[in-house]
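[1] Sequence and predicted structure below; questions after.
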Number of protein chains: 2
Amino acid sequence: MRAASGPDEVRRTNLGSLLQYVHLHGATSRAELTTRLGLNRSTIGALTAELTSAGLVSEAVPRDTGRAGRPSLVVRPESARVHAYALSIEVDRLRAARVGLGGRILDRRETDRPRGMALLDTVPPLACLVGEMRRAVAVGTRTVGTGVAVVDRARQADGTVRLAPTIGAGEEPVGAALGAALGEPGRLTVGNHADVSALVEHSRGVAVGCANVVYLHGDIGVGAGIIAGGRRVAGHRGYGGEVGHMVVNPDGRECWCGSRGCWETEIGEHALLRHAGRAGESGREAVLGVVNAAMRGDRRARSAVREVGAWIGFGVGNLANIFNPEAVIFGGTLRDVYLVAAAPIRSRLNAVALPAAREHLRMRTPELGDDAALLGAAELAFAHLLDDPLLG
Amino acid sequence: MRAASGPDEVRRTNLGSLLQYVHLHGATSRAELTTRLGLNRSTIGALTAELTSAGLVSEAVPRDTGRAGRPSLVVRPESARVHAYALSIEVDRLRAARVGLGGRILDRRETDRPRGMALLDTVPPLACLVGEMRRAVAVGTRTVGTGVAVVDRARQADGTVRLAPTIGAGEEPVGAALGAALGEPGRLTVGNHADVSALVEHSRGVAVGCANVVYLHGDIGVGAGIIAGGRRVAGHRGYGGEVGHMVVNPDGRECWCGSRGCWETEIGEHALLRHAGRAGESGREAVLGVVNAAMRGDRRARSAVREVGAWIGFGVGNLANIFNPEAVIFGGTLRDVYLVAAAPIRSRLNAVALPAAREHLRMRTPELGDDAALLGAAELAFAHLLDDPLLG
């Protein structure tokens, strides 16, 4: 237990709050900052001056306020001068972006990841994507760090990652390998795909203002980023959110994890393709193939979507009883399935969840779409800067 | 987003931190407070003086420190002069206590609650218990408020409670009714039994130092108090933690809630008694009867305990995958079952939970035993005082 302390700490906290505000909300007048942060005008002026001389924000006279009198200066984040690199390691592809302060994607690259490519083998192609972007960067810009989103479960503390198929067995030092390949060890943070997507949908997407959110990411497996009371549920060692291994069907199929009837055996990519009679196919295109066939009225595809939708609703119902969330967001291929299966999902959800737990629950798709993982990864890198803007 | 602010707020925060510290840790020397709170000696002296003149703490020279030099004054909470009333509304009984600042139970009363007694009908007997205790209180003491723990799900904001058997239907204004009966409306806070037990085991019981805790309370039904990252998981409207209605067995029995195969249909009191061939019995004594018979080697009782234990492990495994907790605490009758069923619980838990999610998981019984609910209810009342010691 630490007590509150002196003026220097207060100033640093205030600098972080102001920078965080314009990072999330974009250009904001000094007058509005005064109101939003509960600080007086001279303090806002002093803080802005400090952040300006650190090259983190700039100030300008607004073009036309439509009001009489001297207009309040507008403070905006230096998106073009301060940026982070964001990497997303997914099942079928590798993505990289350069993201400016304020959450603007300034550059992006993408390459395929062949199924079966080992996690550590993704390091060279990712480093290559970052190298390309670096060469395109103008002189005089500043990189605050690199954030990495992996669909496997990451331990943020040291960037080791437990692979989905070996989550019990080994830990892969992806953070260290990427840091070495990029030449910036110690400035790289690794997080889980669903976790960072949840946080960024919460801070600047569809779940703004929702303190209790379950973000589900689906591909071969299923994971969740869970926000309770405005904060991420990480767990003791960072391995929380493995909702794909909540057992929903004790008589179900064996899961690769050694258990039986895990949620992802009923709602993952394999389950949908199996029900649709397309067990030989795989990947996001194959999932979209079933979804599109269902929309066209194909009977087998419709039945597959209904079956998987019912199991999605079942698990969401359980999570509703446990978390009483305000919003459940369907990401990855679950987004596509949700768009054609909202009815069976809601129907089973209503049967499983207590009325009190579900009566204000909204189901949503990600507002930031596929960019959520990249923007969320960038937030991992920006976090250090926002925490203490004058450090480093 | 609010920024940090001026000296008055800092002082109030520090007063709260100091009072909270001695409330949780008991008598503490000024020297240790200086270290623990990260404040200098003169600040600690000033804060202590303010709290002393408010009648919340007292200072004394320690008897014998065993060291040379002037001993540091010891600050202790005024347990005998400042107290809260704590009520616990349970399935089979009603309990009340007077709890001194610092978490000392100064007086306690208890009466039976016949099964089927409506929640609002518990108000007169509870008011009666409080009345008895009030008459025994010495002159010059101060009551900071009343906290109420209910096994049903409470909404803390206004003290309405959703009854377990009608959780979807109505809300019972228990808080308002008790407030009126006690003549102290507005000074009464209602919380869920498992929630307040979780918090107090976390702050002064078996889970001190654990930031991720699942506290399970069992009787007829099953509920959880969940702490993630050091904070309670409440949910959007306060209805989180209904783990008893996580469906674990889609082919299982109908639950009163309308769903089927809810966790509490497999691990609640009825399930254990049914498996033991004692379906006609009910209540905690009946559960203890089965547990004791199992310990004596009774075959049917042992089989019942194994069966229920396996389902307990199943659900705990799911919760481990979702929360990656450091500790799971078994309260209520689940404590008694856990003590004879630890092996089947752990065995099924290991099959369901991912190694990463369970490898540091400890299973525990409540250190504060049955007092957890009363001490936790008292904390609801103390919270206002600790938040701002000089208010009211």
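    In hand now; what should we look at?
[2] The host helix or strand of A:Gly225: partners in the sheet, and parallel or antiparallel?
    Using DSSP states H and E, A:Gly225 maps to strand A:222-228. When sheet partners are counted by DSSP bridges, strand A:222-228 sits next to strand A:213-218 (antiparallel), strand A:231-232 (antiparallel).
[3] Residues in contact with the shortest one: which ones?
    The list of residues contacting strand A:231-232 from outside it, by C-beta atoms under 8 Å, 6 or more residues apart in numbering or on different chains, reads A:195, A:198-199, A:225-226, B:228-229, B:231. To be clear about C-beta, it is placed using only N, CA and C from the backbone, and glycine gets the same treatment.
[4] again, only using 10 Å
    A:191-192, A:195-196, A:198-199, A:202, A:211, A:213, A:225-226, A:238, A:240-241, B:228-231, B:233 (C-beta atoms under 10 Å, 6 or more residues apart in numbering or on different chains).
[5] can you tell me the residue of the stretch 151-300 of chain A closest to chain B?
    Proximity of the stretch 151-300 of chain A to chain B (C-beta to the nearest C-beta) peaks at A:Gly235, 2.6 Å away.
[6] Just the strands from the stretch 1-150 of chain A, written as ranges.
    Using DSSP state E, counting those that start in this stretch, the strands of the stretch 1-150 of chain A run over residues A:28-29, A:57-60, A:74-77, A:82-89, A:93-100, A:104-112, A:142-150.
[7] pLDDT (mean, whole number) over the third one?
    Within the predicted structure, the mean pLDDT of strand A:74-77 is 96.
[8] from the middle of its chain, how far away would it be?
    Once both centres are worked out by C-alpha atoms, centre = their mean, to the nearest Å, strand A:74-77 turns out to sit 25 Å from its chain's centre.
[9] Could you do stretch A:323-333 as well?
    The answer for stretch A:323-333 is 12 Å, by C-alpha atoms, centre = their mean.
[10] what about that stretch, start to end distance?
    23 Å (C-alpha to C-alpha, to the nearest Å).
[11] where in the stretch 51-200 of chain A is pLDDT low?
    Where the stretch 51-200 of chain A drops to pLDDT under 70, the residues are A:64-68, A:153-171, A:185-186.
[12] which residues touch A:Asn292?
    Applying C-beta under 10 Å, 6+ apart, the residues near A:Asn292 are A:298, A:301, A:336, A:340.
[13] Now for A:Gly331: which residues touch it?
    Listed by C-beta under 10 Å, 6+ apart, the contact set of A:Gly331 reads A:193-194, A:197-198, A:201, A:215-219, A:223-225, A:338, A:364-366, A:368-370, A:372-373.
[14] Could you check how far the one residue in the stretch 251-392 of chain A that gets nearest to chain B is from A:Gly55?
    Proximity of the stretch 251-392 of chain A to chain B (C-beta to the nearest C-beta) peaks at A:Asn324, 2.6 Å away. Separation of A:Asn324 from A:Gly55 (C-beta to C-beta, to the nearest Å): 44 Å.
[15] for A:Ala149, same thing?
    27 Å.
[16] higher neighbour count, the two?
    For A:Ala149 versus A:Gly55, neighbours defined as other C-beta atoms under 10 Å in any protein chain shown are more numerous around A:Ala149 (30 against 14).
[17] pretty sure that one is touching A:Leu178, no?
    No: with contacts counted by C-beta atoms under 10 Å, A:Ala149 stays clear of A:Leu178, the gap being 12.0 Å.
[18] joint contacts of those two?
    Residues within reach of A:Ala149 and of A:Leu178 at once, by C-beta under 10 Å, 6+ apart, are A:87, A:89, A:190.
[19] Write down the beta-bridge partners of the first one, one by one.
    This points to A:Leu87. Under DSSP bridges, the beta-bridge partners of A:Leu87 are A:Ala96, A:Val148.
[20] Give the full set of residues in contact with it.
    Residues near A:Leu87 by C-beta under 10 Å, 6+ apart: A:94-97, A:109, A:122-123, A:126-127, A:129-130, A:146-150, A:174, A:178, A:182, A:188, A:190, A:373-374, A:377-378.
[21] The closest residue to A:Gly45 other than its chain neighbours: how many residues sit nearby?
    Distances taken as C-beta to C-beta, 6 or more residues apart in numbering or on different chains place A:Arg30 nearest to A:Gly45, at 6.9 Å, with adjacent residues excluded. Number of residues near A:Arg30 (other C-beta under 10 Å) recorded here: 17.
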